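# turn this into a structure:
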Amino acid sequence: MKKIVLLYLIALLVNNATAQNTLNTVDSTRPAGKVTIIKDSRLDELAKIEAAFNEDMAAKAKTTAKGYRLMLLSTNDRILAMKVRTQLLQRYPEQKVYMSFQPPYIKLKFGNFLDKEEAEDYRNEILKSKLVTSNIYLSAETIEVKPDKNKDSMQ
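Take a look at the predicted model:
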């Protein structure tokens, strides 16, 4: 008997429960069907700056090619790897330094070189400056190539 009364009460509550008021309660001060947006004008300026930035990044799109990188370091000493990376970035800001972690070693690769001679020149220069005391290996890899501005302007 208790179960039947409980089920009856639940059914009665579910039947009377509504998620929204069905009465027409439209505010008479605002026209029906319109939304008013109030926003800061600085958002438009920020959107323009972001759009310009995105266009610049698309214009500077990087392409890939077969080339060479220098394998400078493979160590489990993180402090040494960071020290060498910092020195390379300071000494050669025009080149990129790639640092990857393949347990248990931290590998440090340097540069994007299209030809072997340029890579060998940097290798000899790094060895002379004694930034890296171990062997430096030349590895063939897919590298990033920045588009030449002179080629773009000629077309």
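# what's in contact with stretch 56-69?
Residues outside stretch 56-69 that contact it (CB atoms under 8 Å, 6 or more residues apart in numbering): 98, 109-116, 119, 138-147. Bear in mind the C-beta positions are built from the backbone N, C-alpha and C, glycine included.
# ditto for stretch 71-85
Contacts for stretch 71-85 (CB under 8 Å, 6+ apart): 88, 97, 99, 104-110, 126, 131-132, 134, 136-139.
# which among those count as buried?
Buried members of these, counted by 16 or more other CB atoms under 10 Å: 88, 97, 106, 108-110, 126, 131-132, 136.
# tell me the centre residue of this protein?
Nearest to the mean C-alpha position of the chain, by CA atoms, centre = their mean, lies residue 57 at 12.1 Å.
# which is the next helix or strand following the helix or strand encompassing that one?
Counting by DSSP states H and E, the element that carries residue 57 is helix 42-59. Sequence-wise, the next helix or strand downstream of helix 42-59 (DSSP H and E) is strand 63-75.
# as a check, name the ranges of all helices in the protein.
Secondary structure of the chain (DSSP state H): helices at 2-16, 42-59, 78-91, 116-129, 149-154.
# can I get those helices in JSON lines including mean pLDDT?
Below are the helices of the chain laid out as JSON lines (pLDDT from 0 to 100):
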{"stretch": "helix 2-16", "mean pLDDT": "81"}
{"stretch": "helix 42-59", "mean pLDDT": "90"}
{"stretch": "helix 78-91", "mean pLDDT": "95"}
{"stretch": "helix 116-129", "mean pLDDT": "94"}
{"stretch": "helix 149-154", "mean pLDDT": "43"}
